[in-house]
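K.L.:
Please work out how this folds:
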Amino acid sequence: MTTTSTAKRVFNFSPGPATLPEAVLRQAADEMLDWHGSGMSVMEMSHRGKEFIGIHAEAEKLVRDLMGVPSTYEVLFLQGGAIGQNAIVPMNLLRGHAGFDVVDTGEWSLKTIKEGRKYGQVNIAASSAAGGYSHIPPRDTWQLRPDAAYVHICSNETIGGVQYHQVPDTGTVPLVADMSSDFMSRPVDVKRYGLIYAGAQKNVGPAGVTIVIVRDELIGQALPITPSAFDYKVQAEADSMFNTPPTYTIYIVGLVLRWLQAQGGLAAVEARNKEKAGLLYKYLEGTQFYFNPVAPADRSLMNVPFKLRDPSLDDAFLKGADERGLVQLKGHRSVGGMRASLYNALPLEAVAALVAYMKEFEARHG
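P.N.:
The predicted model follows:
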């Protein structure tokens with residue numbers, strides 16, 4: 001005997017793994033046991049079989065189409081997350097240089113610095129640490145080295161809630177960006193970057209796959225210590241299948257990318273993300289009960305940290321939010337307070353419900 005039920009979906013503000021489009025989840029559920037008449041789940045397919053090779057090829061094509069990736073760049077689906085790339089990038093991109101430059105804008109930049117020092121010299125070209133990571137250091141303050149292998153930035157810091165809204169000019173030195181938390185959230189001029197990497201679990205899929213977009217001319221000179229599975233050239237020549245790739249995760253990424261295409265592409269997605277963030281920031285600007293610590297020009301469209309003026313109310317706020325189906329709002333342990341992550345699949349209705357609850361809580365406790 002079978003029964004049917006309607007799942008109760010919450011509004012999930014998690015910083016990652018994050019909410020996915022409901023249409024994607026339903027399609028994946030429908031295809032779980034039998035993908036397109038193959039008699040197999042995608043989880044069970046050989047990565048060498050024609051079925052998965054087709055899934056992989058479509059996912060790569062969708063990345064290229066949505067982001068306008070030139071043919072002179074490789075698109076790789078790898079494992080290890082952004083933290084893994086903090087080691088893999090310097091192993092591949094030092095290319096005989098002594099080190100690289102980093103612009104320090106928060107916790108994820110610090111991880112890049114710490115890991116990178118295992119492979120070369122790391123120059124902190126600029127830092128907003130003294131200001132509590134509440135802004136992006138102005139470009140004219142950066143102390144870049146002309147002999148650096150590359151300049152590394154984190155385009156959006158999930159913890160501090162700061163985001164680059166312009167692509168910084170680094171001259172002839174390649175720009176490398178960790179875009180894990182704003183990947184596919186807006187149009188990007190890929191040609192301005194030497195390399196982009198992003199864990200999928202914020203905007204384009206579940207945890208388990210990291211997408212790397214890298215200019216061809218930068219690969220092929222990996223450090224001798226580089227494991228073969230982490231050598232971009234080796235993976236590019238093997239079509240990301242030197243080792244068994246995270247097949248099911250790549251399949252879900254493909255479904256999400258199709259969904260993004262159906263929304264009208266990245267320009268349409270960006271407009272919706274601006275609307276969502278604008279609704280929350282407008283309320284925060286008009287209240288003294290809560291506050292956002294980030295400089296207005298550098299506020300993230302993806303992650304909005306906010307605090308109550310009276311932190312003793314934090315637990316009550318979070319408890320009430322959970323009761324209303326507004327979940328995963330607790331701020332990172334290093335900064336406290338609250339944080340609302342507004343990734344692509346989070347609907348505008350979720351932000352409206354959050355603002356309504358914040359107003360209600362303020363009326364009761366303000």
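
K.L.:
Can I get the longest helix along the chain as CSV, trimmed to CA atoms?
P.N.:
Identified as the longest helix of the chain according to DSSP state H is helix 266-285. In CSV, the C-alpha atoms belonging to helix 266-285 read as follows (Å, rounded to 0.1, in the frame of the first residue of the first chain):
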residue,chain,number,x,y,z
LEU,A,266,22.1,35.3,-15.2
ALA,A,267,20.9,38.9,-15.9
ALA,A,268,17.4,37.9,-14.9
VAL,A,269,18.7,36.0,-11.9
GLU,A,270,20.8,39.0,-10.8
ALA,A,271,17.7,41.3,-11.0
ARG,A,272,15.8,39.0,-8.7
ASN,A,273,18.7,38.7,-6.3
LYS,A,274,18.9,42.4,-6.1
GLU,A,275,15.2,42.6,-5.4
LYS,A,276,15.5,40.1,-2.5
ALA,A,277,18.5,41.7,-1.0
GLY,A,278,17.1,45.2,-1.4
LEU,A,279,14.0,44.3,0.5
LEU,A,280,16.0,43.1,3.5
TYR,A,281,18.5,46.0,3.4
LYS,A,282,15.8,48.6,3.1
TYR,A,283,14.2,47.3,6.3
LEU,A,284,17.6,47.2,8.1
GLU,A,285,18.3,50.8,7.1
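
K.L.:
following that helix, which helix or strand shows up next?
P.N.:
Downstream of helix 266-285, the next assigned helix or strand under DSSP states H and E is strand 290-291.

K.L.:
Return the distance of that next one from the chain's centre.
P.N.:
The chain centroid and the centroid of strand 290-291 are separated by 25 Å under Cα atoms, centre = their mean, to the nearest Å.

K.L.:
other SSEs contacting that strand?
P.N.:
Secondary-structure packing of strand 290-291 (3 or more Cβ pairs under 8 Å, 6 or more residues apart in numbering; DSSP states H and E): strand 303-308. All C-beta spots, glycine's among them, are computed from the backbone N, C-alpha and C.

K.L.:
partners of the strand it packs on in the sheet?
P.N.:
Strand partners for strand 303-308, identified by DSSP bridges, are recorded as strand 290-291 (antiparallel), strand 338-341 (antiparallel).

K.L.:
Report the inter-axis angle for the longest helix of the chain versus strand 303-308.
P.N.:
For helix 266-285 against strand 303-308, the angle by axes from the mean of the first three to the mean of the last three Cα atoms, to 10 degrees is 10 degrees.

K.L.:
May I see the buried residues of helix 266-285?
P.N.:
L266, V269, E270, R272, N273, K276, A277, L280, Y281, Y283, L284 (16 or more other Cβ atoms under 10 Å).

K.L.:
ok, the second one - contacts?
P.N.:
Under the criterion of Cβ atoms under 8 Å, 6 or more residues apart in numbering, the contact list for V269 reads M184, S185, R186, L260, Q263, N344.

K.L.:
ok, now with 7 Å
P.N.:
S185, L260, Q263, N344 (Cβ atoms under 7 Å, 6 or more residues apart in numbering).

K.L.:
hang on, the first one packs against N203?
P.N.:
Yes. Checked against Cβ atoms under 7 Å, the pair S185 and N203 is within contact range at 5.5 Å.

K.L.:
hey, what's in contact with both of those two?
P.N.:
By Cβ under 7 Å, 6+ apart, the residues touching both S185 and N203 are N344.

K.L.:
Which parts of the stretch 151-300 of the chain are helices?
P.N.:
Here the stretch 151-300 of the chain has its helices, by DSSP state H, counting those that start in this stretch, at 232-237, 247-262, 266-285.

K.L.:
Mind putting those helices into TSV with mean pLDDT?
P.N.:
Listed next are the helices of the stretch 151-300 of the chain as TSV, based on pLDDT from 0 to 100:
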stretch	mean pLDDT
helix 232-237	98
helix 247-262	98
helix 266-285	98
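
K.L.:
on that earlier part again, of the contacts of V269, closest to V294?
P.N.:
S185 (16.9 Å; Cβ to Cβ).

K.L.:
Please, which helix or strand holds N123?
P.N.:
Assigned by DSSP H and E, N123 belongs to strand 121-127.

K.L.:
by contact count, what packs against that strand?
P.N.:
Applying 3 or more Cβ pairs under 7 Å, 6 or more residues apart in numbering; DSSP states H and E, one finds that strand 121-127 contacts strand 99-104, helix 107-116.

K.L.:
Would you check the distance separating it from the middle of the chain?
P.N.:
In this view, strand 121-127 has its centroid 23 Å away from the chain centroid, taken as Cα atoms, centre = their mean.

K.L.:
Give me the distance between G39 and I53.
P.N.:
17 Å (Cβ to Cβ, to the nearest Å).

K.L.:
cool, and A130?
P.N.:
For A130, the distance to I53 equals 51 Å [Cβ to Cβ].

K.L.:
Looking at those two, which one has more neighbours?
P.N.:
I53 (15 against 7; other Cβ atoms under 10 Å).

K.L.:
separation between that one and T210?
P.N.:
From I53 to T210 the distance is 20 Å (Cβ to Cβ).

K.L.:
Then A98?
P.N.:
Using Cβ to Cβ, we find A98 at a distance of 26 Å from T210.
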